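[1] Fold the following, please.
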Amino acid sequence: MKRTEMLHQMCHSVLSQADIKAICKKRGLPGQAASSRSVLENLLVSDTGVAAVLGTLDPNEIACLHLLKAIDRPVDVAFFDRIYPAKNGRSLYGTFSQRYQGAFSKVKERLVRAGILIVALAPQSWQKKTNMERWRFSLPIEFVRHLPPLLESPKQHDGEGDWRREVARDKLKTAVGGSSGADTETDKLEIVNGELHMGGQPFRADRLLAWQKAGWKNELAQKKGDKQGESHTLLPAEAAVHILGGLDDGFWSDPDALAAPFRAFCGSKVDSRSVCESGWRWGCLARLEADGEIWYRLAPSPLADDVSPDHYLDVTADGTVTVDLDNVPFETLERLVTISDQRPGPGRRPVLLVTPNLIKIGRATDAVLALSMVQWLQANSPAFRQTLETLQRRRGKTIVHENLLIARIGDLSLKVAVEKALGDRTVTLGEDFIAFPYDAVGDVKRVVAKSGHVVKEVHQS
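    From the prediction side, this is the model:
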């Protein structure tokens, strides 16, 4: 349902006169809103009284509203069971209405009659549902900027703290130092045909970070309280990234302050200290000791290319370029893989040896070629300098292989038949054109003749 439709239904059909009076009183809306439902519809999403009402909510409710902001779509009443659980526990065997009647009463009293949430009945589906199952709740987008901070009393401390940057680095170095002993097909790092791969695909920085976060999630997977199968519920590691990601630069959070946000985002009570400590072990969080407490925030990103190439690139006496895997930014390594061939360096040092690949460099974008890393290679490596100069001479020119033929096929069925007959020996160049090797011309002519068409040859000197 669209929020405008929900708002109209709420003001004109759902709310009783007593509900309207309660909303106007809590929000401080003018008397016209209490006497005219059309006026109420216009004023309900105004700024009037929103900040004051939000200031009366408890941390669990504030965290729940932040999650609604992140979800950005209507939710059903079951969503609020995380902050308004039944006093004696929720029965899993009662009807939907029996299970969530308590949560519905609380959300109506605390959030709907306070003028903070919009509520409406979703359209009836082919599968008949009760009203309790059809209720939908939404946070007006206009209220988002008034939300109190998700974390209470974060503290500002100097420094990056202590974070285990070696976790991802050690994984990366398995590409040149053998298996880590725990590799799977999806996260194995290896050099295949002169190219660094991870999980069978060309190396990408985000895949390495995804492996790191997956390790954190898996370590917590056996913890009690995870409800990953429930709607709008995050795993503790995912919730921690979202919550701590909202901290301003230089600010840190006490793990106890994460309790309410975790309950909202994870749907149950979470041991925030063990979650944060696990995140630190996996290098995803940084920690800092100050004021007799341990504070956490997200670890600095290893992606940004803000390191001088002198810190991770070197040229040996014989002109070979080495890449120091202990220091190269991950995004820089990803781009380096796209313009070079790689092989493991000899000895114990975790280095890659890279050589220029003209074809790869020819496919690189202008943005990649303008990187400081490429400029360094051109200035310091004779091999890369020669290759880049060759590229400059040929850039903008069309180079056609002398043993390559191009066919224009206007008939779609014939084009499909030719491509099927040649398999991977064809390359589509445009809507009507394909390219294929010279030695396949006989196969093309046979398919054309069999289809009742005629080959017309054009020769250009």
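[2] Sketch out the low-pLDDT regions of the protein for me.
    87-93, 178-183, 222-231, 303-305, 396-401, 460-461 (pLDDT under 70).
[3] one more time with 80, if that's ok
    86-93, 125-127, 177-185, 222-231, 301-306, 346-350, 394-403, 424, 429-431, 458-461 (pLDDT under 80).
[4] That one - how does it break down into domains?
    Residue ranges for the domains of the chain, per automatic domain parsing: 3-146, 166-298, 309-394, 404-450.
[5] What residues does residue 62 make contact with?
    54, 147, 148, 150, 260 (C-beta atoms under 8 Å, 6 or more residues apart in numbering). Glycine gets a C-beta too; all of them are placed from N, C-alpha and C.
[6] could you say what helices and strands the biggest helix by length in the chain packs with?
    Secondary structure assigned by DSSP state H gives helix 205-220 as the longest helix of the chain. Counting contacts by 3 or more C-beta pairs under 8 Å, 6 or more residues apart in numbering; DSSP states H and E, helix 205-220 packs against helix 166-177, strand 195-198, helix 236-244, helix 272-281, helix 330-337.
[7] of these, which approaches residue 136 most closely?
    Residue 136 sits nearest to helix 236-244 of all those, at 23.0 Å, using C-beta to C-beta.
[8] rewinding a little: using JSON lines, please lay out the helices and strands packed on helix 205-220 together with mean neighbour count.
    Listed next are the helices and strands packed on helix 205-220 as JSON lines, based on neighbours: other C-beta atoms under 10 Å:
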{"stretch": "helix 166-177", "mean neighbour count": "19"}
{"stretch": "strand 195-198", "mean neighbour count": "21"}
{"stretch": "helix 236-244", "mean neighbour count": "23"}
{"stretch": "helix 272-281", "mean neighbour count": "20"}
{"stretch": "helix 330-337", "mean neighbour count": "21"}
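[9] right, and the ones you listed - which one's nearest residue 7?
    The nearest among those, by C-beta to C-beta, is helix 236-244 at 27.4 Å.
[10] Skipping adjacent residues, who's closest to residue 360 in space?
    In this structure, residue 360 finds its nearest non-sequential neighbour in residue 339, 5.0 Å apart by C-beta to C-beta, 6 or more residues apart in numbering.
[11] ok, now which ones touch the one you found?
    356, 357, 360, 361, 364, 368, 374.
[12] most surrounded residue in those residues?
    With neighbours set by other C-beta atoms under 10 Å, the maximum within these is found at residue 356, which has 21 neighbours.
[13] you'd agree it is up against residue 387?
    Yes. Between residue 356 and residue 387 there is a contact at 3.9 Å, judged by C-beta atoms under 8 Å.
[14] ok, residue 358 to residue 194 distance?
    Taking C-beta to C-beta, to the nearest Å as the measure, residue 358 falls 13 Å from residue 194.
[15] How about residue 242?
    With C-beta to C-beta as the criterion, residue 242 and residue 194 are 39 Å apart.
[16] One more: residue 100?
    Taking C-beta to C-beta, one finds residue 100 at 59 Å from residue 194.
[17] Compare those two and say which is more crowded by neighbours.
    When neighbours are counted by other C-beta under 10 Å, residue 100 comes out ahead of the other of residue 100 and residue 194, with 24 against 12.
[18] residue contacts, that one?
    Residue 100 is in contact with 77, 78, 80, 81, 90, 132, counting by C-beta under 8 Å, 6+ apart.
[19] Repeat that for residue 432.
    408, 409, 410, 415.
[20] Now the last one: closest residue in space, sequence neighbours ignored.
    It refers to residue 415. In space, residue 415 is closest to residue 409, 4.2 Å off (C-beta to C-beta, 6+ apart).
[21] Isn't that neighbour up against residue 419?
    No. If you go by C-beta under 8 Å, residue 409 and residue 419 don't touch, sitting 9.2 Å apart.
[22] Mind listing the shared neighbours of the two?
    Joint contacts of residue 409 and residue 419 (C-beta under 8 Å, 6+ apart) are residue 434.
[23] how far away is the residue nearest to residue 360 from residue 119?
    To residue 119, residue 339 is 56 Å away according to C-beta to C-beta.
[24] can you check residue 281 too?
    On the measure of C-beta to C-beta, residue 281 and residue 119 end up 43 Å apart.
[25] Then residue 432?
    For residue 432, the distance to residue 119 (C-beta to C-beta) stands at 57 Å.
[26] One more: residue 16?
    In terms of C-beta to C-beta, residue 16 sits 12 Å off from residue 119.
[27] between these two, which one's more packed in?
    A count of neighbours by other C-beta under 10 Å puts residue 119 above the other of residue 16 and residue 119, at 23 against 9.
[28] For the more buried one, give me its contacts.
    6, 10, 14, 108, 112, 135, 136, 137, 138.
[29] Now tabulate those in a markdown table and tack on distance to residue 69 and neighbour count.
    Formatted as a markdown table, those follow (distance: C-beta to C-beta, whole Å; neighbours: other C-beta atoms under 10 Å):
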| residue | distance to residue 69 | neighbour count |
| --- | --- | --- |
| 6 | 16 | 22 |
| 10 | 19 | 23 |
| 14 | 22 | 16 |
| 108 | 20 | 19 |
| 112 | 17 | 21 |
| 135 | 20 | 22 |
| 136 | 16 | 18 |
| 137 | 13 | 22 |
| 138 | 11 | 21 |
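[30] Let's see which of those end up in strands.
    If you go by DSSP state E, the contacts of residue 119 have 135, 136, 137, 138 in strands.
[31] want to try CSV for those, with distance to residue 443 as columns?
    As requested, these are exported to CSV (distance: C-beta to C-beta, whole Å):
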residue, distance to residue 443
135, 65
136, 61
137, 64
138, 61
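[32] In a strand, residue 295, correct?
    Yes. The assignment for residue 295 is a strand, going by DSSP: H, G, I helix; E, B strand; the rest coil.
[33] what's the spacing between the closest residue to it other than its chain neighbours and residue 272?
    Excluding its sequence neighbours, the residue lying closest to residue 295 (C-beta to C-beta, 6+ apart) is residue 252, at 3.5 Å. As judged by C-beta to C-beta, residue 252 and residue 272 stand 14 Å apart.
[34] Report the separation between residue 389 and residue 137.
    Remark: distance between residue 389 and residue 137 (C-beta to C-beta) = 64 Å.
[35] actually residue 263, not the one I wrote
    Residue 263 sits at a distance of 18 Å from residue 137 (criterion: C-beta to C-beta).
[36] Then residue 190?
    50 Å.
[37] ok, now residue 370?
    Taken as C-beta to C-beta, the span from residue 370 to residue 137 is 49 Å.
[38] Same question for residue 81.
    From residue 81 to residue 137 the distance is 13 Å (C-beta to C-beta).
[39] do residue 254 as well
    31 Å.
[40] can you give me the strands in the stretch 301-450 of the chain?
    For the stretch 301-450 of the chain, the strands defined by DSSP state E, counting those that start in this stretch occupy 313-315, 321-324, 340-344, 351-356, 404-408, 427-428, 433-437.
[41] now the ones you listed in a markdown table, with distance to residue 23?
    A markdown table is the format used below for the strands of the stretch 301-450 of the chain (distance: least, C-beta to C-beta, whole Å):
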| stretch | distance to residue 23 |
| --- | --- |
| strand 313-315 | 64 |
| strand 321-324 | 63 |
| strand 340-344 | 64 |
| strand 351-356 | 64 |
| strand 404-408 | 70 |
| strand 427-428 | 61 |
| strand 433-437 | 66 |
